[in-house]
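Q: Sequence and computational prediction follow.
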Amino acid sequence: MTLDGAPGLEVDPLLDDPETRIVVCCGAGGVGKTTTAAALGVRAAERGRKVVVLTIDPARRLAQSMGIDRLDNVPRRVDGIKGDGELHAMMLDMKRTFDEIVEAHADPERARAILANPFYQSLSAGFAGTQEYMAMEKLGQLRAREEWDLIVVDTPPSRSALDFLDAPKRLGSFLDGKFIKLLMAPAKVGGRAGMKFLNVGMSMMTGTLGKLLGGQLLRDVQTFVAAMDTMFGGFRTRADATYRLLQAPGTAFLVVAAPERDALREAAYFVERLAAERMPLAGLMLNRVHGSGAARLSAERALAAAENLEEGRIVDQGPGKTGVRGPEATSPEPGAPRTTAAPHDAATTTSTDVVAPPPAVAELTAGLLRLHAERMQVLAREQRTRERFAALHPEVAVAEVPAFPGDVHDLEGLRAIGDRLAAGRH
Amino acid sequence: MSRLQVVSGKGGTGKTTVAAALALALATEGRRTLLVEVEGRQGIAQLFETEALPYEERKIAVAPGGGEVYALAIDAERALLDYLQMFYKLGSAGRALKKLGAIDFATTIAPGVRDVLLTGKACEAVRRREKQGGFVYDHVVMDAPPTGRITRFLNVNDEVAGLARIGPIHNQAQAVMRVLKSPETVVHLVTLLEEMPVQETADGIAELREADLPVGGVVVNMVRPHVLDEDAVRAASGDHRKGITQALAAAGVSGSARLVGPLLDQAAEHAQRVELEREQREALAKLQVPTYELPFLGEGADIAGVYRLAKELRKLGVGA
């Protein structure tokens, strides 16, 4: 059940290392990213660290599992953590975060003007991109407070993996761009000598924008930009600082995935992006991996045996004649005709030594065998998917986390997941 | 059937696959459907194993009976430039705007403009007519953003219409909203029979209803067969070790004594899953929307899987 050649990802040494200050969980939606972040937080805290978990958009149940009715923009201490460590948890409130930045960096009068601006109100309420900026901003704030020695971050459920990493750059290029200067001071730019072409382009553009957006919206935008003017430099500086923080050795990125084609494709993409951005990747956390304690019984053999039972055939098992460890390589595909899928070459005959099981038990056993065959087919498919990933990225350390039948409801559940993360088969 | 079918769902529930299957199922009897994606993920191209889709409507599949499925990956920037070209004849000026960062501002930073452009393009395809007067597409199926963002995504036009109180953006937003809130549109949510996706589906439906957006059905995806029925599962949880060991041996499985424990563990997990699924079905029934169950695709979601799911959807009466 191991990925051939792939190094193992050891969770505990990573969490225990005092040099590890930030762990970022990223990956496609629906792979258990937020739950993984929370479970890592619980585990790190119980191993003595002072941890804060920053979640972006958790299910209510997750907050409840940490004993908090509703996560909000302020880190709250989670009760019930064993040992000397501490766990705090919070959920990003992007509007609140944005408001706080405005309040902290503008004088009261200007702050009031910004907060009342209709354009600002829409921008901060969470349109495309705001969440990513604010997640970065919040991460920088938490780090700057130096109250925690480990920050575990769950990334926003973005349109694509790119958005989280691109947010600071995009903000930077926008703030440095000509467009913002134009919005801030159209007259000034237009009046400069040697800018004739630009001048024409710009006056036409403001005209067009005015027509397109409506003059009132354009005025709102201009008022907003003018009011924010003094704050933009700070935005940019902090975004750049957070970006560098993510590249620093104290940060570890964990790509979370499930052994499914789409999730692993996204994971591969993420691994490549992180490498291109020189972001430190700790490894791949593969959630929901299926296993079986009866893996030596193949799907084909289980199905064949189930059919024997259902049709009342009894197989003689004389010593030395047969065994389940047959030549696997020649096993037929699941679903192949029964005649070719017989468990072994020995003739299926009625025997005097073996007693036919009662029908109810035979039916039950056949059911168990069919269930097992289904499980083995899942295992085989997951194995193929993982091998494809490992072939593309043999350098990535992998931890496999067994599938859980139910959902997490309490700290105990998160603790159990933490155990599985740390014990993950490598 | 409404002409604009929006498919949303929690991440990992197979929303793109379901959207593709729906587009195929609706393309019966020579009908033509358009499958659009709005998140720049090229999920449709990956599913249909074609090259990345350009900003151009392309035929990607033929349905049994001669129907056709077209696909389009909507790109906000291109949609804006098209729009400016169409209404303002801004050929080179469009490029100048781009150079200044205005297009980037409009499509990534300005609140909601991006979403208006994406939904606007889909609505344009819904309303587009041929010269003879018939609709170009019988149905447009949108692979939409996930459940957590769908209401804001579709309702953004309302907000933008409020923000831009006059002007073409205002008019455009209002026109789009008229389509989205009409019986022409329906929003489906894809879920799995698991607690978190079902809870998210319930929350999503409540939000859509509050925003007056038309809720369609819930598509329960990846439904696995119950190999053991509930009685058998109960029986397995009783003490049948000895009988099962003997039955395994009789069926030709060697080493049955060591297998019976793991096999019973698997049955217990199965029983737990069956019970969880029963609870989730009950939770879904309380939502009072039609549900459509689609089978788990053993070999993963690929083109063959899309055709199979389309067939299942037709059996369930979709596209009839």
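A: Nice, thanks for sending it over.

Q: Quickly list the domain ranges of chain B.
A: Here the domain assignment for chain B is B:4-224+B:296-315, B:226-287, based on automatic domain parsing.

Q: Which strands and helices lie in contact with the lengthiest helix in chain B?
A: Ranked by residue count under DSSP state H, the longest helix found in chain B is helix B:256-285. Packing contacts for helix B:256-285, counted by 3 or more Cβ pairs under 8 Å, 6 or more residues apart in numbering or on different chains; DSSP states H and E, involve helix A:359-392, helix B:195-210, helix B:230-237, helix B:241-250. Yep, even glycine has a C-beta here, placed from its N, CA and C like the rest.

Q: export these to CSV and tack on distance to B:Leu117?
A: As requested, these are exported to CSV (distance: least, Cβ to Cβ, whole Å):
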stretch, distance to B:Leu117
helix A:359-392, 35
helix B:195-210, 21
helix B:230-237, 51
helix B:241-250, 62
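
Q: right, and those - which one's nearest A:Asp12?
A: Distance to A:Asp12, taken as Cβ to Cβ, is lowest for helix A:359-392 among the helices and strands packed on helix B:256-285, at 22.5 Å.

Q: Name the next helix or strand following the closest one along the chain.
A: strand A:398-402 (DSSP states H and E).

Q: can that next one be found next to chain B?
A: No. Using Cβ under 8 Å from any Cβ of the partner chain, strand A:398-402 stays clear of chain B, coming no nearer than 10.7 Å.

Q: With stretch A:377-395 instead?
A: Yes. On the criterion Cβ under 8 Å from any Cβ, stretch A:377-395 is in touch with chain B at A:Gln377, A:Arg381, A:Thr385.

Q: from the chain's centre, how far out does that stretch sit?
A: In terms of Cα atoms, centre = their mean, to the nearest Å, the centre of stretch A:377-395 is set 19 Å apart from its chain centre.

Q: Could you list the buried residues of it?
A: Along stretch A:377-395, the positions that meet the burial threshold by neighbour count (16 or more other Cβ atoms under 10 Å in any protein chain shown) are A:Gln377, A:Val378, A:Leu379, A:Arg381, A:Glu382, A:Thr385, A:Arg386, A:Phe389, A:Ala390, A:His393.

Q: Surely B:His188 is within a strand?
A: Yes. When classified by DSSP: H, G, I helix; E, B strand; the rest coil, B:His188 is found to be part of a strand.

Q: A:Val255 in helix, strand or coil?
A: A:Val255 falls in the strand class when you classify it by three-state DSSP.

Q: Please identify the deepest-packed of the domains of chain B.
A: Greatest average neighbour count among the domains of chain B goes to domain B:4-224+B:296-315 (a mean of 20), per mean count of other Cβ atoms under 10 Å in any protein chain shown.

Q: Low-confidence bits of the stretch 151-300 of chain B, can you list those?
A: Residues of the stretch 151-300 of chain B meeting the criterion pLDDT under 70: B:230, B:233, B:235-238.

Q: same thing but at 90, please
A: When the per-residue scores of the stretch 151-300 of chain B are filtered using pLDDT under 90, the ranges that remain are B:152-153, B:155-176, B:195-196, B:224-243, B:252, B:254-257, B:264-265, B:268-275, B:297-300.

Q: and if you look at the stretch 251-400 of chain A?
A: Residue ranges of the stretch 251-400 of chain A with pLDDT under 90: A:260-263, A:265-266, A:269-270, A:277, A:310-364.

Q: where exactly do the strands run in chain A?
A: Under the criterion DSSP state E, strands of chain A are mapped to A:22-26, A:50-55, A:76-77, A:86-91, A:150-154, A:251-257, A:281-289, A:398-402.

Q: From the recorded domain assignment, give the ranges for chain A.
A: A:11-290+A:403-423, A:299-381.

Q: picking that back up, partner strands of whatever helix or strand comes next after the longest helix of chain B, with direction?
A: Sequence-wise, the next helix or strand beyond helix B:256-285 is strand B:291-295, with elements assigned using DSSP H and E. Strand B:291-295 pairs in its sheet with strand B:215-223 (parallel), by DSSP bridges.
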